[in-house]
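*Asks:* Model the following, please.
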Amino acid sequence: MLGRFFAKRETPASEQTREEKNLKLAEEIKEIKEEIQKIKEKIKTQGRTKEDYRKIFELTQEIEKRLKKEMKRGKVIDIIEKLEQESNKRIINARDIRLQPDGTWVGIVKLDDGRELPFVGNRLIEEIGGIKIISGIILPALLKKLGITKILHVFEIYPQPTGELAGRVKLTDGRCLLFIGNRILEEIGGKKIYYVFEMHAQLDSTLAGMVKLPDDEWALFVDNNLVEEIEGKKIEFAADIHFQPDGTLAGRVKLRYGKEFRWVPFINSKLVQQIGGREIKSVDCIHTQADGTLAGVAEFTDGKVVLFIDDQLIEKIGGEEIKDADDIHSLPNGTLAGRVKLFYNGRWVWVPFIGDELLKKIEGEEIKDARDIHLQPDGTLAGRVELAGGKWVPFIGKKLLKEIEGKEIKYADNIHSQPDGTLAGIVELADGRVVPFIDNKLLEKIGEKEIIYTRDIHSLPDGTLVGVVRLEDEYTKVNFFWDGERVITR
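*Replies:* As a prediction, the model looks like this:
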């Protein structure tokens, strides 16, 4: 295995320069957030307009853009190694790493003892609300029987204006609760909660999501307020929960209609039970476009499946009738993209699309199936497609990646775009080895040993790829961090 590469220690002068830079960034972001808040206040008194929504979207994108500038490739490896030095603990994985406007890094790291710990700056958080975080491999049933309450898992985290973290924790008694700072919340809106699900945060750090209440009932929550009904209908379940540009909650909810259940979209306290004058049976991929318009996939009570934008129905793409649709996204200009199922050349196939253009063929190769479809930061469509003979390869726009570094790809999986638009994932080579890749680089060896198999990969905000590999002549797993140049293993 490769040795550890420690970051250079900063001098007092460089630390002062970094602090001044962070203060400037924090002030700039504060000003942008204030501008967003002014627009939201205007919406409250004068009503919504698409122009206001689009302006909020553009300002939010500007915040993300400025934070991304600080995300230099390889930064996360430096953060990991500094955390290890300060804590004298060994880190084998990381996720949810974010840069706060004041220059403080936060996230969740997994230690070699199995614990998943949040961190703020150089400080690991080993307990929340006086409850210690333990390894998830310890039998929770035994601890529950003994009446011992510990934290098994820490899920997504969100920085708060106070500098504290908020998120979800799974306890040994089976509950999954919300935490803010050093407090674990056992109640919301005066009612006990047993499970928090689909949690999200606004720019002002207001939290929202779905919670399980006593008697197996579910409700939405925003801050400390519960929403158990919409337009007099009891919420059975919810999904695709998100905030619109003005802070309004939207998504889809499962409701009872007589003897059957239906999934319908909602915006704030209003249900969308019809689209284009037709009654909805189910919806999926619900999201809000830059101008505040709701979009997604709808199935009507007659079984017909369509795409929709607001009240506009899209029944055909490229002149072909849609049978089904998935992975639906919106470009900033409102154009839809994703994958659709249609009847083509005598069989049902899934093909990528963007706008009204179907990608039945890419570089002359007929597409049999498509997966991992997503939009890159610049709006380019990417993912993986199945070609003749059952071969799966990545694609970007209208270009197939049939080989990387001159080596043929037999299969591709977990294809995703990093924040800067670089494609990453895992590929199977002609010799059967499954290895990670970033852009046009393969990671085939660690030290002098070849990688045989790769799994559980994901990209961090700076483009560092994290995952697990098995090396030749070794049957134990090896955790790795790879920024495209440096590799560290654990």
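
*Asks:* hang on, T45 is in a helix, isn't it?
*Replies:* Yes - assessed with DSSP: H, G, I helix; E, B strand; the rest coil, T45 lies in a helix.

*Asks:* What is the neighbour count of it?
*Replies:* Look at T45: counted by other Cβ atoms under 10 Å, it has 6 neighbours. Yep, even glycine has a C-beta here, placed from its N, CA and C like the rest.

*Asks:* Check Q312 too.
*Replies:* 12.

*Asks:* Kindly report the same for G318.
*Replies:* 14.

*Asks:* What does the closest residue to it other than its chain neighbours show for phi and psi?
*Replies:* Spatial nearest neighbour of G318, excluding adjacent residues (Cβ to Cβ, 6 or more residues apart in numbering): L358 at 3.9 Å. Dihedral angles of L358 (phi, psi; degrees, to the nearest 10) stand at phi -90, psi 140.

*Asks:* so L358 touches V340, yeah?
*Replies:* Yes - with contact defined as Cβ atoms under 8 Å, L358 reaches V340; the gap is 7.5 Å.

*Asks:* which of those two has more neighbours?
*Replies:* V340 (29 against 20).

*Asks:* pLDDT of the helix or strand where the more buried one lies, averaged?
*Replies:* Element membership for V340 (DSSP states H and E) is strand 336-344. Averaged over strand 336-344, pLDDT sits at 94.

*Asks:* Kindly report the same for stretch 323-333.
*Replies:* 95.

*Asks:* hmm, who's touching that stretch?
*Replies:* For stretch 323-333, the surrounding residues in contact (Cβ atoms under 8 Å, 6 or more residues apart in numbering) are 57, 61, 284-285, 287, 289-290, 295-297, 305, 307, 309, 336-343, 348, 350, 354, 372-375, 379, 383.

*Asks:* likewise stretch 381-401?
*Replies:* 327, 337, 339, 352, 354, 359, 362-363, 365-376, 380, 402, 409-413, 415, 417, 423, 425, 427.

*Asks:* Next: stretch 208-226.
*Replies:* By Cβ under 8 Å, 6+ apart, the surrounding residues in contact with stretch 208-226 are 188-189, 191-202, 206-207, 227-228, 234-238, 241, 243, 249, 253.

*Asks:* Also stretch 431-450?
*Replies:* 1-2, 404-405, 407, 411, 418, 422-429, 451-454, 457, 463, 465, 467, 469, 471-474, 478, 480, 482, 484, 487, 489.

*Asks:* Just the buried positions in that stretch, please.
*Replies:* By neighbour count on 16 or more other Cβ atoms under 10 Å, the buried set for stretch 431-450 is 433-438, 442-443, 446, 449.

*Asks:* for stretch 77-89, same thing?
*Replies:* Neighbour-count burial for stretch 77-89 [16+ other Cβ under 10 Å]: 77-84, 87, 89.

*Asks:* cool, stretch 314-321 as well?
*Replies:* The neighbour-count check on stretch 314-321 (16+ other Cβ under 10 Å) flags 314, 317, 320 as buried.

*Asks:* Could you identify the buried members of the contacts of stretch 208-226?
*Replies:* 188-189, 193-194, 196-202, 207, 227, 235, 238, 241, 243, 249, 253.

*Asks:* residues bridging contact with L358 and V340, i.e. touching both?
*Replies:* 317, 320, 351.

*Asks:* got any ranges where this protein has weak pLDDT?
*Replies:* Counting by pLDDT under 70, the chain shows low-confidence ranges at 1-19, 69-70, 136-141, 144.

*Asks:* which residue is nearest the middle of it?
*Replies:* D96 (9.2 Å; Cα atoms, centre = their mean).

*Asks:* Verify the stated contact: that one with E156.
*Replies:* Yes - using Cβ under 8 Å, D96 makes contact with E156 at a distance of 5.8 Å.

*Asks:* Can you give the distance from stretch 27-44 to the centre of its chain?
*Replies:* 25 Å (Cα atoms, centre = their mean, to the nearest Å).

*Asks:* how deep is I275 tucked in, by neighbour count?
*Replies:* 22.

*Asks:* Going by secondary structure, the nearest residue to it once chain neighbours are set aside is in what exactly?
*Replies:* Closest residue to I275 apart from its sequence neighbours, by Cβ to Cβ, 6+ apart: F308 at 5.0 Å. Element membership of F308, judged by DSSP H and E, is strand 305-309.

*Asks:* tally of neighbours for the residue nearest to V120 when sequence neighbours are not counted?
*Replies:* Spatial nearest neighbour of V120, chain neighbours left out: V106 (5.2 Å); criterion: Cβ to Cβ, 6+ apart. For V106, the neighbour count with other Cβ under 10 Å is 21.

*Asks:* for G334, same thing?
*Replies:* Using other Cβ under 10 Å: G334 sits among 16 other residues.

*Asks:* Can you name the residues that contact it?
*Replies:* 289-291, 293, 309.

*Asks:* That one and Y53, how far apart?
*Replies:* From G334 over to Y53 the distance is 11 Å, taken as Cβ to Cβ, to the nearest Å.

*Asks:* hey, what's in contact with both of those two?
*Replies:* Listed contacts common to G334 and Y53 are 290-291; contacts here mean Cβ under 8 Å, 6+ apart.
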